[in-house]
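[1] what shape does this take:
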Amino acid sequence: MIKTRRKYILIFVALLVVWNVFSWLVARSFYHSRVDEIIAQKTKLSRDRAGDLADSITRNLSYLDGIPDLLSQLLRVKNATMRFGEGAKPSALPLKERKKRWTNDPVLNNLSQYLELAKVSLNADIIFVINAGGDCIAASNWNTKGTTIGTNFVDREYYRENKAGRRGRQYAVGKTTNIPGLYFSTPVMIDGHFLGAVVAKIDVPNLSFMVHEINAFVIDKNGVIVLARDKKLEMHAMPGALINRQTEQMQVARYKRSSFPAFQIGGWGDGQFPALMRFQDEHNPYVYSVRDIPLYDMKAYVVDRVDEYHSLDVDKLWFAFLLGMSGSVLILMAGGLILYLTSLKAKGIALERANRAEQRIISISEETQQRIGGELHDDLGQLLTGVAFMSEVLSQKLSNKGYAEAAEASKITDFINEAIDKTRRLAQGLYPVELKAAGLPAMLDNLALNTEWIYHINCEFVSVYDQSIEDPLTVIHLFRIAQEAVNNAVKHGNPAKITLRLSSTPHAITLEISDDGSGIALPAGPDSGAGMGLRSMQYRASLLGGTLHLAALPQGGTRLVVNLPA
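    Numbering: from 1, shown residues only. Sure, this is the predicted structure:
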């Protein structure tokens with residue numbers, strides 16, 4: 001019979017393994033195809049968006065790029081720059097003096113007011129004119145506190161391009177406004193001679209509308225993120241960015257800073273999906289597309305988070321689980337009846353052995369406690385009594401001879417007597433032989449007194465009990481349940497008060513132990529991993545034909561109730 005049962009079990013196990021492996025392979029194949037499909041969709045979408053973003057930036061900046069071309073041809077601009085001449089050098093006057101002189105100059109002020117009107121009508125943020133020496137001589141913000149007039153721009157890249165007769169474009173942080181922006185400039189040339197330049201700027205914050213609706217960012221030719229939907233990413237440097245190889249002076253001149261946090265970008269690490277990328281410390285993978293904007297030495301990045309990666313991974317597990325479970329259930333149902341019939345006898349034998357084992361554990365525990373209690377009472381107690389007597393004699397001798405150490409010896413005697421008392425109480429708790437004759441109420445009352453004395457916790461025994469229990473096993477089992485419950489409360493609940501209550505009716509005996517502590521973790525069921533102490537209490541109650549209930553109190557604490565038939 002055993003061989004037949006083993007044969008069936010091996011067959012069922014083999015079928016379960018094969019079916020579950022098949023289920024896993026099917027779920028894995030579905031997961032891979034679905035993730036590949038989503039990656040392809042999101043990659044195409046990000047590619048299209050990157051192209052749209054690059055085109056939008058080109059259109060908007062091309063319009064702004066034409067403003068300096070238009071204004072550089074104006075006669076009033078040429079006349080203003082001609083006043084300083086081709087050989088103009090940066091003014092040696094203090095900045096404050098330069099601002100005052102050029103702002104109050106009627107011709108230059110008239111040009112500034114014109115630039116102010118042009119700025120509004122042409123949707124630029126700042127328009128200004130610089131002379132051949134790089135000094136700003138007129139600006140649209142002439143009447144503001146942070147006016148650009150008087151500021152020198154010879155260190156700007158667009159100035160160097162203009163001086164060479166070429167148009168200039170540059171990303172930089174404003175010298176007076178401290179606002180990052182894109183600068184476009186056109187040289188003012190007369191008969192082939194460089195007399196200055198017209199510069200138009202648009203602030204980067206005013207370009208944020210282009211990345212507001214999509215998860216995107218734009219980098220300049222130095223690899224610095226100059227525009228991003230997530231503002232926290234701006235001024236981060238891409239891996240291998242040119243900015244990291246420039247001098248601090250060059251960095252400060254353009255960006256007014258020399259620190260550029262690294263933008264973390266790399267592979268996701270899943271060899272099955274090499275297109276997935278990791279950005280910063282994001283929990284989800286991304287796909288991204290990049291589009292060059294060659295006219296302005298920029299690149300537009302559009303990223304798209306693949307949220308489905310983790311959810312599909314979970315779905316894969318669930319799909320494999322459900323598919324495997326469905327087949328497994330059919331397999332188990334087919335063989336369950338056979339295994340059930342063949343296992344009935346074995347289960348009966350195992351249950352009988354388990355009951356015997358539990359009875360033996362309880363018996364051994366009781367015998368051990370009785371032995372330890374007896375040894376504490378008869379051996380250690382007697383030994384301590386003898387030591388106390390000898391200490392008392394020594395103390396008396398020292399006192400008679402007038403030694404000052406007599407008081408110390410007397411204290412030792414007191415300590416030994418206290419140890420004797422504690423040993424006696426511990427022995428009574430382990431083996432309450434002296435109290436058995438007095439009955440269960442006396443034993444519980446002594447347990448409450450010992451708990452107060454040992455743990456310094458308010459422990460009260462209340463008896464509403466008018467019967468006597470003749471069976472000594474019932475008495476000792478109920479006492480051990482109460483003892484274990486009190487120990488659990490002290491150990492796990494940190495209570496201020498513990499109450500033991502023994503009551504009876506004509507039909508039942510009830511033992512209740514409650515506390516006001518923090519409570520203990522209650523088991524969800526008989527197989528939920530209850531501790532040995534709780535299992536012991538439950539088993540003792542079942543031996544007596546009773547029930548044991550453990551519950552948390554609404555106001556905090558725990559209540560354990562044992563009900564026995566009278």
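
[2] and Tyr340, what's its pLDDT?
    Tyr340 is assigned a predicted lDDT (pLDDT) of 68.

[3] next one: the closest residue to Val204 other than its chain neighbours from Arg257, what distance?
    Nearest non-adjacent residue to Val204, counting by Cβ to Cβ, 6 or more residues apart in numbering: Pro180, 4.6 Å away. Any C-beta I mention is one placed from the backbone N, CA and C, and that applies to glycine too. According to Cβ to Cβ, to the nearest Å, Pro180 and Arg257 sit 10 Å apart.

[4] list the residues that contact both of the two?
    Each of Val173 lies in contact with both Pro180 and Arg257 under the rule Cβ atoms under 8 Å, 6 or more residues apart in numbering.

[5] of the two, which one has the most company?
    Pro180 (21 against 12; other Cβ atoms under 10 Å).

[6] now do the contacts for that one.
    Pro180 makes contacts with 171-174, 203-204, 226, 234, 255, as judged by Cβ under 8 Å, 6+ apart.

[7] now, among those, which is nearest to Thr505?
    Nearest to Thr505, judged by Cβ to Cβ, of the contacts of Pro180 is Glu234 at 79.3 Å.

[8] mind checking pLDDT for that closest one?
    So, for Glu234, pLDDT stands at 92.

[9] how close does it sit to Tyr288?
    The value you get for Glu234 to Tyr288, if Cβ to Cβ is used, is 17 Å.

[10] please apply the same query to Val464.
    Val464 sits 77 Å away from Tyr288, going by Cβ to Cβ.

[11] which one of the two is surrounded by more residues?
    Of the pair Val464 and Tyr288, Tyr288 is the one with more neighbours under other Cβ under 10 Å, namely 21 against 10.

[12] that's a strand at the more buried one, yeah?
    Yes. Checked against DSSP: H, G, I helix; E, B strand; the rest coil, Tyr288 lies within a strand.

[13] I'd like to know which helix or strand in this protein has the lowest mean pLDDT.
    Taking mean pLDDT, DSSP states H and E as the measure, the chain has helix 433-436 as its least confident helix or strand, at a mean of 51.

[14] quick check: next helix or strand after it?
    Counting by DSSP states H and E, the element after helix 433-436 in chain order, helix or strand, is helix 440-455.

[15] can you give me the offset of that following helix from its chain's centre?
    Centroid displacement of helix 440-455 relative to its chain, using Cα atoms, centre = their mean, to the nearest Å, is 47 Å.

[16] angle of the helix or strand just after that helix against helix 440-455?
    Note on helix 440-455: by DSSP H and E, the next helix or strand toward the C-terminus is strand 458-464. Strand 458-464 runs at 170 degrees relative to helix 440-455, counting by axes from the mean of the first three to the mean of the last three Cα atoms, to 10 degrees.

[17] partners of strand 458-464 in the sheet?
    strand 497-504 (parallel) (DSSP bridges).

[18] send me the partner strand as CSV with only the CA atoms.
    Below are the C-alpha coordinates for strand 497-504, written out as CSV (Å, rounded to 0.1, in the frame of the first residue of the first chain):
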residue,chain,number,x,y,z
LYS,A,497,-2.2,45.8,36.4
ILE,A,498,-3.0,42.1,36.0
THR,A,499,-6.3,40.6,37.2
LEU,A,500,-7.0,36.9,37.8
ARG,A,501,-10.6,36.0,38.2
LEU,A,502,-12.0,32.6,39.1
SER,A,503,-15.8,32.2,38.9
SER,A,504,-18.3,29.3,38.7
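
[19] which residues sit against that strand?
    By Cβ under 8 Å, 6+ apart, strand 497-504 touches 440-441, 444, 447-448, 451, 457-467, 482, 486, 489-490, 509-516, 566.

[20] which of those count as buried?
    The neighbour-count test (16 or more other Cβ atoms under 10 Å) marks 440-441, 444, 447-448, 451, 457, 459, 461, 465, 482, 486, 489-490, 509-516 as buried among the contacts of strand 497-504.

[21] can you pull out the strands in the stretch 251-400 of the chain?
    265-267, 277-279, 286-293, 298-305 (DSSP state E, counting those that start in this stretch).

[22] mean pLDDT and distance to Asp191 added to those, as a markdown table?
    Listed next are these as a markdown table, based on pLDDT from 0 to 100; distance: least, Cβ to Cβ, whole Å:
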| stretch | mean pLDDT | distance to Asp191 |
| --- | --- | --- |
| strand 265-267 | 89 | 51 |
| strand 277-279 | 90 | 54 |
| strand 286-293 | 92 | 35 |
| strand 298-305 | 92 | 35 |
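
[23] need the winner for burial among those.
    Most buried of these by mean neighbour count (mean count of other Cβ atoms under 10 Å) is strand 298-305; its value is a mean of 22.

[24] name every strand pairing with that one and say which way it goes.
    In the sheet containing strand 298-305, its partner strands are strand 216-219 (antiparallel), strand 286-293 (antiparallel), by DSSP bridges.

[25] and Asp315, which of the strands of the stretch 251-400 of the chain is closest to it?
    Here strand 298-305 is closest among these (Cβ to Cβ), at 17.6 Å.

[26] and the contacts of that closest one?
    42-43, 45-47, 49-50, 53-54, 57, 214-221, 226, 277, 279, 282, 284-293.

[27] let's see 6 Å
    42, 46, 49-50, 53-54, 214-220, 284, 286-292 (Cβ atoms under 6 Å, 6 or more residues apart in numbering).

[28] Leu195 belongs to a strand, doesn't it?
    Yes. Assessed by three-state DSSP, Leu195 belongs to a strand.

[29] from Asn123, how far out is the residue nearest to Val204?
    Pro180 is 18 Å from Asn123, where distance means Cβ to Cβ.

[30] and what of Ala489?
    According to Cβ to Cβ, Ala489 stands 77 Å off from Asn123.

[31] likewise Ile57?
    For Ile57, the distance to Asn123 - Cβ to Cβ - is 15 Å.

[32] neighbour-wise, which of the two wins?
    Shown here are Ile57 and Asn123; by other Cβ under 10 Å, Ile57 has more neighbours (22 against 13).

[33] next, the contact list for that one, please.
    So Ile57 contacts Ile293 (Cβ under 6 Å, 6+ apart).

[34] which residue, neighbours along the chain excluded, lies closest to the spatially most central residue of the chain?
    Centroid check for the chain by Cα atoms, centre = their mean gives His283 as the closest residue, at 11.5 Å. Of all residues not flanking His283 in the chain, His310 sits nearest, at 7.9 Å (Cβ to Cβ, 6+ apart).

[35] just the element for Ile127, please.
    Per DSSP H and E: strand 126-131 holds Ile127.

[36] in its sheet, what does that strand sit against?
    Partners of strand 126-131 in its sheet, by DSSP bridges: strand 136-139 (antiparallel), strand 193-203 (antiparallel).

[37] how about residues contacting that strand?
    Contacts of strand 126-131 (Cβ under 6 Å, 6+ apart): 77, 81, 84, 88, 115, 118-119, 136-141, 148, 153, 196-201.

[38] give the next helix or strand downstream of the longest helix belonging to the chain.
    Ordering each helix of the chain by length in residues (DSSP state H) puts helix 2-71 first. Scanning forward in sequence from helix 2-71 by DSSP H and E, the next helix or strand is helix 75-82.

[39] which other residues reach whatever helix or strand comes next after that following helix?
    Counting by DSSP H and E, the next helix or strand C-terminal to helix 75-82 is helix 95-104. For helix 95-104, the surrounding residues in contact (Cβ under 6 Å, 6+ apart) are 91, 108, 137, 142, 149-150.
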